[in-house]
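**Student:** Quick one: sequence plus predicted model below, questions after.
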Amino acid sequence: MVSVLVGRGQSVATAESLTGGLIGAALTSVPGSSAAYRGGVVAYATDLKHTLAGVPSGVLAAFGPVSEQTAVALATGVRDTAGADWAVSATGVAGPDPQDGHEPGEVWLGVAGPSGGWARRYRFDGGRDEVRAAAVAAALSLLAGALDLEAGSREQR
């Protein structure tokens, strides 16, 4: 995925909550990632999703920190703030306890790219470490899929 971004001359940023920087760590584990990875925000606390990642306070008030709307706003906000072409975000509950009515394992992952942003809901089983690892793998897969879709759209033009 990093090589695809580098080959296109594009960049990516991350906005993470429950994954605590693990998506950024996975991206930067690839040699040459500095040519594509702009940086990331770890906004674990709800108020930091607004102040650091640019999630509108109205979105947080209306939908809460674990929602489709927040995942999209996280990705869009960090993409714009970092000046990146793409961004991926993660918000959810790793566990062990429920949070604000959301059960452990509920995760929303967002992607924002040149054509806009979207999010997908996931439900992962296991303990805290398993949920976080599954969220990272799914986020990278979601980003890779978005890059493929964008490439397909370009080829059809």
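**Tutor:** It's in. Numbering: from 1, shown residues only.

**Student:** Pairing-wise in the sheet, spell out the partners of residue 119.
**Tutor:** Assessed by DSSP bridges, residue 119 has beta-bridge partners residue 110.

**Student:** residues in contact with it?
**Tutor:** 68, 69, 71, 72, 75, 89, 108, 109, 110, 111 (Cβ atoms under 8 Å, 6 or more residues apart in numbering). For the C-beta atoms, the positions are set from N, CA and C on the backbone; glycine is no exception.

**Student:** Could you find which two of the residues you listed are furthest from each other?
**Tutor:** 69 and 111 (14.1 Å; Cβ to Cβ).

**Student:** Those two: who's more crowded?
**Tutor:** Neighbour totals were compared for residue 69 and residue 111, and residue 111 leads with 26 against 18 (other Cβ atoms under 10 Å).

**Student:** List the contacts of the residue nearest to the spatial centre of the chain.
**Tutor:** Centroid check for the chain by Cα atoms, centre = their mean gives residue 89 as the closest residue, at 1.4 Å. Going by Cβ under 8 Å, 6+ apart, residue 89 touches 14-16, 53, 71-72, 74-75, 78, 109-112, 119, 139.

**Student:** So which of the residues you listed are in strands?
**Tutor:** 14, 15, 16, 109, 110, 111, 112, 119 (DSSP state E).

**Student:** Let me know the closest of those residues to residue 33.
**Tutor:** residue 14 (11.6 Å).

**Student:** related to what we said a few turns ago, in the sheet, who's paired with the residue nearest to the centre of the chain?
**Tutor:** Going by DSSP bridges, residue 89 forms beta bridges with residue 15, residue 110.

**Student:** isn't residue 136 right up against residue 23?
**Tutor:** Yes - if you go by Cβ atoms under 8 Å, residue 136 and residue 23 touch, sitting 5.4 Å apart.

**Student:** Which one of those two is surrounded by more residues?
**Tutor:** residue 23 (27 against 23).

**Student:** Quick check: buried residues in whichever strand or helix holds that one?
**Tutor:** Assigned by DSSP states H and E, residue 23 falls within helix 22-28. Buried residues in helix 22-28, counted by 16 or more other Cβ atoms under 10 Å: 22, 23, 24, 26, 27, 28.
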